[in-house]
Structure formats: C-alpha cells, structure tokens
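Enquirer: Got a sequence here, can you model it:
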Amino acid sequence: MIVARSPAWWRATLALCLGSILVFVNLYAPQPLLPDLRQAYGVSTLGVSLVMSVATLSLAGALLVFGPLSDAIGRGGIMRVTLLLVGLCSLALAYAPTFEVLLALRLVQGFLLGGLPAVAIAWMGDEFDRPALMAAVGLYIGANTLGGIGGRLIGGGVGEIGGASAGFLTVGLVTLVGVALFWRLLPPPRQFTPRRFELRGALTDLGGHLRHPLLLAAYLLGGINFLIFINQYSYITFRLAEEPFGLGARWLGMIFLTYLGGTLSSAFSGRLARYLSQPACMALGVLILMIGTFVTLADSLAWIITGLTINAVGFFLAHSMASSWVGRQAQRARGSASALYLVFYYLGASLGSVWLEPFWQRGGWLGVAVGSWLLLGITLAIAMWLWRCERYLGQASPAP
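Expert: Modelled structure (predicted):
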C-alpha cells in the first residue's frame, strides 16, 4: 500500500488532482460563454442553459457505468482514455455548425467527464493506506474547486477576447497538454484485483451499496449539502444583480472565487481528520455551512462575500470527508460505491431549484436561508448519527 507523503503518494496524488482540474475546467468553461452562444446560435435563454444541464445529467449517468466497469477492467485506463476524449470534444465544440450539434457534443462530453470522478477515489482506496487516502482525498476535492474556478476564468477571459470558439479551443488544447502529463504521472496499479463484469452483479453491487446504512447516509449527506451549496450561488446572483448592489455579469462571475475557501479546507481536511473522526468533521462542515449562510443575510457586500467563503469552507470539508468515508466503508466494488456517491451529489445539484424556488418567491434571500437551514439540519443529524455509529462500532471491535 502507498503511504502518505511518500514519493509514490505525491506522484499519484498530483496526477489525480490534475485530472480533477481538467474535468471541472471542461465542465464549467461554457458557463460564462452562454450569452455569446445564445447570440451566435439564436436560441432562447432557457435553450442555451441546456449546454450546462445536459452535460451535468449525462455525467451523473456515466458514473453508474464507469464505476462498475472499473471494478472489472481497471481504473487507470478509463481515466486516461476519457480525459483524452474530453479534450477532443472541446476542440470539436469550437466548430459546431448548429446548436443541435453543440448540445450533442456536450451530451457526449458530459458522459466522458464522468470517467475520472467515478473511479479516482476508488483508485485511491485500492492503492493508499487509510492516512494516505484521507490526505489525498482532501487535496483531490480541493482540485475540484480549482478546476471549477479555472474553467470559468479561462472560458470567460478568452471568450471575451475571441468569442466562444476561441474559449473552447483554448480549453481543448490545455486539456490535451494536461492529459499528456496525467498519462505520464499516474503510476500503474499494484493492489487492484479485477472482477468479471456482469450486469446482474453490477446491479447487485449498487443495490447492496444503497442498502448499506453507513454508505446511504453519506450519499444523502453529500447530495443534500451540494443541493444547498451550489444553488445558493444561483439565487445570490439574483440578489446581487438587484439594487442596492446592482452588480454586472462580470462581477457576478467573480463570486465563484469564494470557492478558494473550499480549496483550503479540502487541502487541510486530512490533517483535521487526525484529531477528529470523519463523521465529526462532516458535522463540523455542516455547522460552518449553516453559519456562513447566516452571515450572507448581511446588507454589506463584503459580509456577503465573507459568508459565501465560509460556506465553501464548510461544504468542501464535509464533502471531502463524506467522499473518503465511502471509499473506506465500501468493502467491495469500491468503484460503483464512489460513483453512486457522485450520482447523489449531482442529482442534488439538479434538484436544488425545485426546493429553494418557493422559499425565494415568498421570502427572497431570507427565504433561501431558511430553506437551506431546514435541509442542513437533516445533514447535521445524519453526520451525528454516523458519529454515534462509528463510536459504537469502535467499542464493539475486539482489542488488538
């Protein structure tokens, strides 16, 4: 097993963090290009929003495919090939002749983007010992935030100068260079034991994970937390676009720099887990997210930005701990177990507006905060329950 801070650990962790950055650069790069794409293809605002939603939905579906498949054929090859094809898709997006072709390419790209997230943590679970796994997952989740920020900044910055096509071309070229480096850095697996792929067996594994209470609790915690966190950003833009703030689109896009708070908390989550159990860290993350939401109620823009940063710290702390918890608790078929966590994660994101919209209509941002606290109370209870279960299981285990 690879131990923390060893040369092999640094090499593998760097490769997986780079892969994570490339995934989220490609996923989020089109977001600041949507106005340009709407004008270029002559579609409605609702229509152009499909550029993001079809990719997210196909990514969620891909997780159910690549996770079980990786348990049979290995994880490294899936990550390498899908990242390469993702980069080629970005290049093709620059030359899409019609909006229908653009959507079809994003649908395919979204599916391919699921290759690395579906198996990366399972790869760590196979190759790393427990301290190494927790430390690496924190850095890996931090890389997610850097990819999300980087994708929006690259897409928006280049797109403002050369248009959407230039943005896609730049992202595609950056991805291909990154894939070459990823291909070289990722070490060959040493601990992986392949299992023959059978559809019935894969479905049985997924059903087993859903019936495993310690896994299902982590799935719900991650999905509900992301439902609140990512959709708060949508509604805060509506608030800040109105008076007395009146922020324009460029400045609203800069709000995502608050994700850097999550980058820091993810990176340090492994160290925190040396002193607190993983469920305790999840509970702490949820509490921080609740506090940050309270801070955003202020009328000062500086305090709102501070609250969003606090939210990012809390969310990504809980997310990194829940992710590594799944890798630790899954005794078999880790690929499908990790993939199922991300399915809940992205489904939560897609359902957030359904939950928060009535609160926004009735109470504005205060209503959003109340709606957030109601669900965060549930995830806090889940984290506390996991904490009790871990303590009970630890006490029930025989002394070494």
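Enquirer: C-terminal to the worst-scoring helix or strand of the chain on mean pLDDT, what's the next element?
Expert: For the chain, the helix or strand with the lowest mean confidence is helix 249-254, at a mean of 66 (criterion: mean pLDDT, DSSP states H and E). As assigned by DSSP states H and E, the chain's next helix or strand after helix 249-254 is helix 260-272.
Enquirer: quick one: the helix or strand following that next one to chain centroid distance?
Expert: Counting by DSSP H and E, the element after helix 260-272 in chain order, helix or strand, is helix 278-295. Going by CA atoms, centre = their mean, to the nearest Å, the spacing between the C-alpha centre of helix 278-295 and its chain's C-alpha centre is 18 Å.
Enquirer: Quick one: list the elements packing against helix 278-295.
Expert: helix 213-241, helix 260-272, helix 301-329, helix 334-396 (3 or more CB pairs under 8 Å, 6 or more residues apart in numbering; DSSP states H and E). All C-beta spots, glycine's among them, are computed from the backbone N, C-alpha and C.
Enquirer: and of the ones you listed, who's closest to I291?
Expert: Set against I291 and scored by CB to CB, those come closest in helix 301-329, at 6.2 Å.
Enquirer: Could you pull out the buried residues of that closest one?
Expert: 304-329 (16 or more other CB atoms under 10 Å).
Enquirer: got the angle between it and helix 260-272?
Expert: Note on geometry: by axes from the mean of the first three to the mean of the last three CA atoms, to 10 degrees, helix 301-329 and helix 260-272 are set 40 degrees apart in direction.
Enquirer: For W387, give me its contacts.
Expert: S277, P279, A280, A283 (CB atoms under 8 Å, 6 or more residues apart in numbering).
Enquirer: Filter these down to just the buried residues.
Expert: Judged by 16+ other CB under 10 Å, buried ones among these: S277, P279, A280, A283.
Enquirer: Make TSV out of the residues you listed and add distance to A4 and pLDDT.
Expert: Formatted as TSV, the buried ones among the contacts of W387 follow (distance: CB to CB, whole Å; pLDDT from 0 to 100):
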residue	distance to A4	pLDDT
S277	18	88
P279	21	93
A280	20	93
A283	24	96
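Enquirer: Any chance of the residues you listed in JSON lines with distance to L14 as columns?
Expert: Formatted as JSON lines, those follow (distance: CB to CB, whole Å):
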{"residue": "S277", "distance to L14": "28"}
{"residue": "P279", "distance to L14": "29"}
{"residue": "A280", "distance to L14": "29"}
{"residue": "A283", "distance to L14": "31"}
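Enquirer: which among those residues gets closest to G61?
Expert: Looking across those and measuring by CB to CB, the closest to G61 is P279, at 29.5 Å.
Enquirer: distance of the closest one from L215?
Expert: Distance of P279 to L215, given as CB to CB, to the nearest Å: 13 Å.
Enquirer: for F256, same thing?
Expert: F256 is 31 Å from L215, by CB to CB.
Enquirer: For L308, which non-adjacent residue is closest in space?
Expert: T258 (4.2 Å; CB to CB, 6 or more residues apart in numbering).
Enquirer: Same check on S266?
Expert: Nearest one to S266, counting by CB to CB, 6+ apart, is G142 at 3.6 Å.
Enquirer: and if you look at L272?
Expert: Leaving aside its sequence neighbours, L272 sits nearest to C281 (CB to CB, 6+ apart; 5.8 Å).
Enquirer: is it true that the one you found touches S269?
Expert: Yes. Counting by CB atoms under 8 Å, C281 touches S269, with 6.5 Å between them.
Enquirer: Touching both of those two, which residues are there?
Expert: Residues touching both C281 and S269 (CB under 8 Å, 6+ apart): L317, M321.
Enquirer: For the residue positioned nearest the centre of the chain, give me the pLDDT.
Expert: Residue closest to the mean C-alpha point of the chain, counted by CA atoms, centre = their mean, is N144 at 6.1 Å. In this model, N144 is scored at 83, pLDDT.
Enquirer: now C89
Expert: pLDDT, C89: 97.
Enquirer: helix or strand for it, which one?
Expert: According to DSSP H and E, C89 maps onto helix 76-93.
Enquirer: Report the inter-axis angle for the next helix or strand after that helix versus helix 334-396.
Expert: Per DSSP H and E, the first helix or strand lying C-terminal to helix 76-93 is helix 99-113. Following the same axes, to 10 degrees, one obtains 40 degrees for the angle between helix 99-113 and helix 334-396.
Enquirer: going forward can the numbers begin at 854, since that is how I track them
Expert: Happy to do that; since the first residue is 854 now, the last one works out to helix 952-966.
Enquirer: so what secondary structure elements neighbour helix 952-966?
Expert: Checking 3+ CB pairs under 8 Å, 6+ apart, helix 952-966 ends up next to helix 860-881, helix 887-894, helix 903-926, helix 929-946.
Enquirer: just to revisit the earlier point, point out the most buried one among the helices and strands packed on helix 1131-1148.
Expert: With neighbours taken as mean count of other CB atoms under 10 Å, these reach their highest mean count in helix 1154-1182, at a mean of 24.
Enquirer: pLDDT score assigned to G1247?
Expert: 64.
Enquirer: Turn the helices and strands packed on helix 1131-1148 into TSV, including distance to I1014.
Expert: Output for these, formatted as TSV (distance: least, CB to CB, whole Å):
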stretch	distance to I1014
helix 1066-1094	23
helix 1113-1125	24
helix 1154-1182	27
helix 1187-1249	30
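Enquirer: surely S943 meets G1031?
Expert: No. If you go by CB under 8 Å, S943 and G1031 don't touch, sitting 11.5 Å apart.
Enquirer: Between those two, which has more neighbouring residues?
Expert: Neighbour tally, S943 and G1031, criterion other CB atoms under 10 Å: the higher count belongs to S943, 25 against 17.
Enquirer: residues contacting the nearest residue to that one once chain neighbours are set aside?
Expert: Computed as CB to CB, 6+ apart, the closest residue to S943 that is not its neighbour in sequence is G1025, at 3.4 Å. By CB under 8 Å, 6+ apart, the contact set of G1025 is G940, L941, C942, S943, L944, L946, A947.
Enquirer: Over to A947?
Expert: A1017, S1018, A1019, F1021, L1022, G1025 are the contacts of A947 under CB under 8 Å, 6+ apart.
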